[in-house]
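**Q** compute the structure for the input listed below.
(one chain, ligands or ions: 1)
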Amino acid sequence: MIRLENIAIERGGQRIVSGIDTSLEAGKIHAVIGPNGTGKTTLLRALFGDLPLAEGRLTLGGNSLSAGRTSARTLKSWRESFAYMPQDTAADIALTVLEVVVLGRLGRLSLHIDDETLDMAMTRLSQAGIDHLAGRDIASLSGGQRQMALFSQVLMRAPKVMLLDEPVSALDLKHQIALLDLVRRETRANGWVTMVVLHDLNLACQYADNLLVIAEGTMKASGHPQSIVTPSLIAHTYGVDVEVLRDRRGQPVIQPLVAENA
Ligand SMILES: Nc1ncnc2c1ncn2[C@@H]1O[C@H](COP(=O)(O)OP(=O)(O)OP(=O)(O)O)[C@@H](O)[C@H]1O
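**A** Here you go, the predicted structure:
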């Protein structure tokens, strides 16, 4: 479990995120939704130790990060538990897909890459359905293929906490489902804490064990999608009128109300 105690984060001298106080259970998918520019990426980067806390404390097992100066040693030991897939996966480097995936084990690599590591990388690529691309230059891939390759790299880290920032933004429907099914399977099997930012509210409702609704830098609601998603929550968060229907499992399906003559 990771504990966020009254977290605040500043960027460019401005308070972007404040008052986030919650616990993220292991073995569960915590999906983060919210409008553009409200602090979702900022929160993920702070969890990864990439942005300092202005207030509050993060705790994971025996490790913690607090506001104020953090030593390089504390940061290194904190990050060892994390795998972070940033939003921007544009890779301007000359590496093959297989090499990018192998780099997921960078902390444990010597100059010689052993067969076990290569086999593991090929297994991860095959799980992502892109093992046929292993020898291709990473820069030559489509946006969606690159997203799958970088996701395979994240899986190689075998983290305790997995942070995925819009991991399906470039993927077609089939690959969105394939990636999120894999995320769910691995999260449950390995007891990872998985936090994933999604803009597709219906996908978020389908996959979240816990939905975190962020707007204006604060958490407006959290809980299982079935218990928290209402037309009023979506209207207050996004300023859009919606109908909330239910699928056959009782999960919310969010349908915007579009004026007929608009
Ligand atoms: N270096 C910076 N200096 C000042 N403000 C910044 C900086 N980086 C980001 N911001 C601001 O912080 C706010 C939150 O940005 P963030 O990227 O966390 O939003 P987000 O919720 O992830 O957005 P999106 O859904 O568009 O990806 C935005 O208003 C952004 O303009």
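**Q** let me see the backbone angles for the residue of the stretch 1-150 of the chain found nearest the ligand.
**A** Nearest to the ligand in the stretch 1-150 of the chain, going by CB to the nearest ligand atom, is residue 12, at a distance of 2.8 Å. Glycine gets a C-beta too; all of them are placed from N, C-alpha and C. Main-chain dihedrals, residue 12, degrees, to the nearest 10: phi 50, psi 40.
**Q** repeat that for residue 78.
**A** When quoted as degrees, to the nearest 10, the phi and psi of residue 78 stand at phi -60, psi -50.
**Q** and the longest helix for this structure?
**A** Criterion DSSP state H: the longest helix present in the chain is helix 173-190.
**Q** output that helix as CSV, restricted to C-alpha atoms.
**A** This file holds the C-alpha atoms of helix 173-190, laid out as CSV (Å, rounded to 0.1, in the frame of the first residue of the first chain):
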residue,chain,number,x,y,z
LEU,A,173,-9.8,-0.2,-29.2
LYS,A,174,-8.4,-3.8,-29.5
HIS,A,175,-4.9,-2.7,-28.2
GLN,A,176,-6.5,-0.5,-25.4
ILE,A,177,-8.3,-3.6,-24.1
ALA,A,178,-5.2,-5.8,-24.6
LEU,A,179,-3.0,-3.4,-22.6
LEU,A,180,-5.4,-2.8,-19.8
ASP,A,181,-6.3,-6.5,-19.5
LEU,A,182,-2.5,-7.1,-19.1
VAL,A,183,-2.2,-4.3,-16.5
ARG,A,184,-5.1,-5.8,-14.5
ARG,A,185,-3.7,-9.4,-14.7
GLU,A,186,-0.2,-8.4,-13.6
THR,A,187,-1.4,-6.0,-10.9
ARG,A,188,-3.6,-8.7,-9.3
ALA,A,189,-1.0,-11.5,-9.8
ASN,A,190,1.9,-9.5,-8.4
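**Q** can you give me the strands in the stretch 1-150 of the chain?
**A** With DSSP state E, counting those that start in this stretch as the criterion, the stretch 1-150 of the chain has strands at 2-11, 14-24, 28-33, 55-60, 63-66, 82-85.
**Q** show residues contacting the third one.
**A** So the one you mean is strand 28-33. 24, 40, 43-44, 183-184, 187, 193-199, 201, 204, 207-214, 237 (CB atoms under 8 Å, 6 or more residues apart in numbering).
**Q** just those: which are in helices?
**A** Those of the contacts of strand 28-33 lying in helices (DSSP H): 40, 43-44, 183-184, 187, 201, 204, 207, 237.
**Q** on that earlier part again, out of the strands of the stretch 1-150 of the chain, deepest packed?
**A** Mean neighbours per residue, mean count of other CB atoms under 10 Å, is largest over those for strand 28-33, with a mean of 24.
**Q** now the angle from it to helix 173-190?
**A** If you take axes from the mean of the first three to the mean of the last three CA atoms, to 10 degrees, strand 28-33 sits at 140 degrees to helix 173-190.
**Q** tell me which parts of this protein are close to the ligand?
**A** By CB under 6 Å from any ligand atom, the residues of the chain that approach the ligand are 11-12, 16, 34, 36-42.
**Q** which members of those are the farthest-apart pair?
**A** Pairwise distances across the residues of the chain next to the ligand (CB to CB) peak at 19.7 Å, for the pair 12 and 34.
**Q** between those two, point out the one with more neighbours.
**A** Neighbour totals were compared for residue 12 and residue 34, and residue 34 leads with 22 against 5 (other CB atoms under 10 Å).
**Q** tell me the centre residue of the protein?
**A** residue 164 (2.0 Å; CA atoms, centre = their mean).
**Q** quick one, what contacts that residue?
**A** Residue 164 neighbours (CB under 8 Å, 6+ apart): 85, 151, 154, 183, 194-197.
**Q** what of residue 130?
**A** Residue 130 neighbours (CB under 8 Å, 6+ apart): 97, 145, 148-149, 152.
**Q** again, only using 10 Å
**A** By CB atoms under 10 Å, 6 or more residues apart in numbering, the contact set of residue 130 is 97, 101, 124, 136, 141, 144-149, 151-152, 175.
**Q** fine by me, we can end here.
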